[in-house]
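S.K.: give me coordinates for this.
(chains A, B, C and D)
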Protein chains: 2
Amino acid sequence: MLDSTTLTTEALCRSILERHHDTIQIQKPEFAIRKLTRIITAALDLANAKSFHGMSLRDLSAASGISMGGLYAYFDSKTTLARMILEEVTAQVRLALEAPPADVADDPVRHLEWLIDTHIRLTEILQPWFVFSFMEAKHFPRSERRLAVDNEALTEDYFARVIERGLQQGRFRPDTPVLLASLIKPLLQEWYIKRSKYRRRNVSMEEYSASVQAIVLRSCLPA
Amino acid sequence: MLDSTTLTTEALCRSILERHHDTIQIQKPEFAIRKLTRIITAALDLANAKSFHGMSLRDLSAASGISMGGLYAYFDSKTTLARMILEEVTAQVRLALEAPPADVADDPVRHLEWLIDTHIRLTEILQPWFVFSFMEAKHFPRSERRLAVDNEALTEDYFARVIERGLQQGRFRPDTPVLLASLIKPLLQEWYIKRSKYRRRNVSMEEYSASVQAIVLRSCLPA
DNA sequence: ACATTTTTCGAGCGAACGCTCTAAAAACTG
DNA sequence: CAGTTTTTAGAGCGTTCGCTCGAAAAATGT
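M.R.: Residues are numbered from 1 along each chain as shown, chains lettered A, B, ... in the order given. Below is the predicted model:
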């Protein structure tokens, strides 16, 4: 079960530090994590308020309280900073969705419900991270763009495999829309991209999750 | 019926010229439309390849074949250029969706199918325009951002009204997901935002439209 | 206490940005 | 063809960008 007390920004930054320990010039890990957390927090704030391009490193320096030069002890270019965030999002999606509970994995219907609910819960906790990945990915150099594309393909694949299994087991109607797996993804993205709109309308995460589940299941369950 | 021979870039640029005739310094309309078409075409190309921020006016000058100074006879700032495109997209959505054929307007089911199909056809013809509106809107000043938000609210409203009517007439199941109208929109956006993905998979517009219609109708029609 | 390493700092670099401005070219008018 | 208006061109302005670098400061080791 996903838990917002373990999925903290600090925890993700620890993971980032491990992945980039060779390029991050700071020696003391605990020290580095604390500062990296300040940097990433500020970067997500600024990038989501304006855009990653619109956020200057002087902005980031002021918001994080770390000098221009100091920032470059943690990354060697602005693009690397973006890559850190993109890679971490992919890693967390993998962690969250790859291993469903045993009692869920057997039943395609429950598995589908679980995937939808888990994805929404994950993006609720890590909303700024997912918004960043989605909104900024298009504007990056090729290799970084691939990261975001692969990330979406990964999510779609989890759904495609469950739907395929449901069809084979005869649990889903044969005329289930072929594109269903592809079309679930935008339904999940809507939640974090338009988060403020649903907050304004007092739509809870549970309501949203239930609506998506209803739409998906009614299009693949026998009438 | 939408027609790609009347919905040309030139036709939209004529509409833009009329809306901005007071700030565009060129006197001869036919002349202005021809050049404005070159500018907008190049701007959509460049902005969608990189991003609107990433597109410099020197890029635009080179791609459109119009000098730096010449560009400013058509707009007084880069933001105004963006606003021209955003406003035109909103206008075209209005034109396309506001007046359904008489034989469609009476039946909520057919009306819903028509809205979905028409929106997909519209965005197929004007794909670069819609991608621009969606991708770039977040990064603009407040007033321009409002344009894009209103645009989405407008689309959602067309769906919300039809669904409401279907419920009142008892044509739709009472437990139709409350969020259905909001969730149709991301399904329609997926088509133009990920256009290249579906081209790669040989998914035709008709297939896509049918899938979306199936998903939507199965969640609101009685079982 | 000093020596050595690690970390912080922000002024400064070249490049690119949005935008302006004036002189020349082109297009009309009579 | 001269006179007038309209349009074009691109160098140049001030600003901001990503990024660097050497010196100061802090932390650590002996």
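
S.K.: what residues are up against A:Lys185?
M.R.: A:Lys185 sits next to A:Glu152, A:Thr155, A:Glu156, A:Phe159, B:Glu190 when contact means CB atoms under 8 Å, 6 or more residues apart in numbering or on different chains. From N, CA and C alone the C-beta is placed, and that goes for glycine too.

S.K.: restricted to helices, list these.
M.R.: Judged by DSSP state H, the subset of these located in helices is A:Glu152, A:Thr155, A:Glu156, A:Phe159, B:Glu190.

S.K.: tell me which of those residues is nearest to A:Ser182?
M.R.: Checking the ones in helices among the contacts of A:Lys185 against A:Ser182 by CB to CB gives A:Glu156 as the nearest, at 5.9 Å.

S.K.: returning to what we had before: select only the buried ones of the ones in helices among the contacts of A:Lys185 in PyMOL?
M.R.: Entered in PyMOL, the line below selects the buried ones among those, by 16 or more other CB atoms under 10 Å in any protein chain shown:
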select buried, (chain A and resi 152+155+156+159) or (chain B and resi 190)
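
S.K.: can you list the residues of chain A near DNA strand D?
M.R.: Taking CB under 7 Å from any atom of the strand as the measure of proximity, chain A contacts DNA strand D at A:28, A:53, A:55-59, A:68-69, A:72, A:76-79.

S.K.: follow-up on the earlier one: make CSV out of the ones in helices among the contacts of A:Lys185 and add pLDDT and distance to A:Cys220.
M.R.: Shown next, in CSV, are the ones in helices among the contacts of A:Lys185 (pLDDT from 0 to 100; distance: CB to CB, whole Å):
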residue, pLDDT, distance to A:Cys220
A:Glu152, 92, 21
A:Thr155, 96, 17
A:Glu156, 97, 15
A:Phe159, 98, 11
B:Glu190, 98, 18
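
S.K.: now do the SS call for the residue nearest the centre of chain A.
M.R.: Closest residue to the average C-alpha location of chain A: A:Phe130 at 4.0 Å, with CA atoms, centre = their mean. State at A:Phe130, reduced to three classes by DSSP: H, G, I helix; E, B strand; the rest coil: helix.

S.K.: quick one, what contacts it?
M.R.: The contact partners of A:Phe130, taken as CB under 8 Å, 6+ apart, are A:Val89, A:Thr123, A:Gln189, A:Tyr192.

S.K.: quick check: the farthest pair among those?
M.R.: The most widely separated members of those, counting by CB to CB, are A:Val89 and A:Gln189 (12.5 Å).

S.K.: quick check: residues of chain A near DNA strand C?
M.R.: Counting by CB under 7 Å from any atom of the strand, chain A comes close to DNA strand C at A:25-28, A:31-32, A:35, A:66-70, A:73.

S.K.: buried among those? Need that as a selection in ChimeraX.
M.R.: Under the burial definition 16+ other CB under 10 Å, those of the residues of chain A next to DNA strand C that qualify are selected in ChimeraX by:
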select /A:32,35,66,73
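
S.K.: taking the residues of chain A next to DNA strand C one by one, which sit in helices?
M.R.: A:Phe31, A:Ala32, A:Lys35, A:Met68, A:Gly69, A:Gly70.

S.K.: near chain B, which residues of chain A show up?
M.R.: Proximity of chain A to chain B, by CB under 8 Å from any CB of the partner chain, involves residues A:50-51, A:53-54, A:135, A:138-139, A:175, A:177-180, A:182-183, A:185-187, A:189-190, A:203, A:207-208, A:210-212, A:214-216, A:218-219, A:223.

S.K.: domain ranges for chain A?
M.R.: A:9-82, A:86-220 (automatic domain parsing).

S.K.: those into a markdown table, with extra columns for distance to B:Arg110?
M.R.: Converted to a markdown table, those look like this (distance: least, CB to CB, whole Å):
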| stretch | distance to B:Arg110 |
| --- | --- |
| domain A:9-82 | 41 |
| domain A:86-220 | 19 |
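
S.K.: could you work out which of the ones you listed reaches nearest to B:Met84?
M.R.: Smallest distance to B:Met84 across the domains of chain A (CB to CB): 20.4 Å, for domain A:9-82.

S.K.: quick one: mean pLDDT over that closest one.
M.R.: Domain A:9-82 shows a mean pLDDT of 95.

S.K.: what about A:Phe1, distance to A:Arg19?
M.R.: Quick fix: residue A:1 reads Met, not Phe. Counting by CB to CB, to the nearest Å, the separation of A:Met1 from A:Arg19 is 25 Å.

S.K.: which of these two has more residues huddled nearby?
M.R.: It is A:Arg19, of A:Met1 and A:Arg19, that has more neighbours when counted by other CB atoms under 10 Å in any protein chain shown, with 15 against 6.

S.K.: dump the residue contacts of that one.
M.R.: By CB under 8 Å, 6+ apart, the contact set of A:Arg19 is A:Met84, A:Glu87, A:Glu88.

S.K.: the first one is in what secondary structure piece?
M.R.: What that stands for is A:Met84. Element membership of A:Met84, judged by DSSP states H and E, is helix A:78-97.

S.K.: mind checking how far the residue nearest to the centre of chain A is from A:Glu190?
M.R.: Counting by CB to CB, the gap from A:Phe130 to A:Glu190 is 11 Å.

S.K.: do the same with A:Gln25
M.R.: 40 Å.

S.K.: OK, contacts around the closest residue to A:Leu97 other than its chain neighbours?
M.R.: Once flanking residues are discounted, A:Leu97 sits nearest to A:Tyr158: 5.1 Å by CB to CB, 6 or more residues apart in numbering or on different chains. For A:Tyr158, the residues meeting the contact criterion (CB under 8 Å, 6+ apart) are A:Leu97, A:Glu98, A:Leu115.

S.K.: ranking those by neighbours, who comes first?
M.R.: When neighbours are counted by other CB under 10 Å, A:Leu115 leads the contacts of A:Tyr158 with 23 neighbours.

S.K.: find the nearest non-adjacent residue to A:Gly65, please.
M.R.: A:Arg38 (6.5 Å).

S.K.: quick one on the thing from earlier: looking at the contacts of A:Arg19, which has the most residues close by?
M.R.: The residue in the contacts of A:Arg19 with the most neighbours, by other CB under 10 Å, is A:Met84 (25 neighbours).

S.K.: what distance do you get for that one to A:Phe130?
M.R.: Per CB to CB, A:Met84 is found 15 Å from A:Phe130.

S.K.: cool, and A:Arg146?
M.R.: Taking CB to CB, one finds A:Arg146 at 18 Å from A:Phe130.

S.K.: residues touching A:Arg38, list them.
M.R.: A:Ser64, A:Gly65, A:Ile66.

S.K.: ok, of these, which one's closest to A:Asp103?
M.R.: Nearest to A:Asp103 among the contacts of A:Arg38, with distances taken as CB to CB, is A:Ser64, at 43.9 Å.

S.K.: the closest one against A:Thr37, yeah?
M.R.: No - in this structure A:Ser64 lies outside contact range of A:Thr37 using CB atoms under 8 Å: 9.4 Å.
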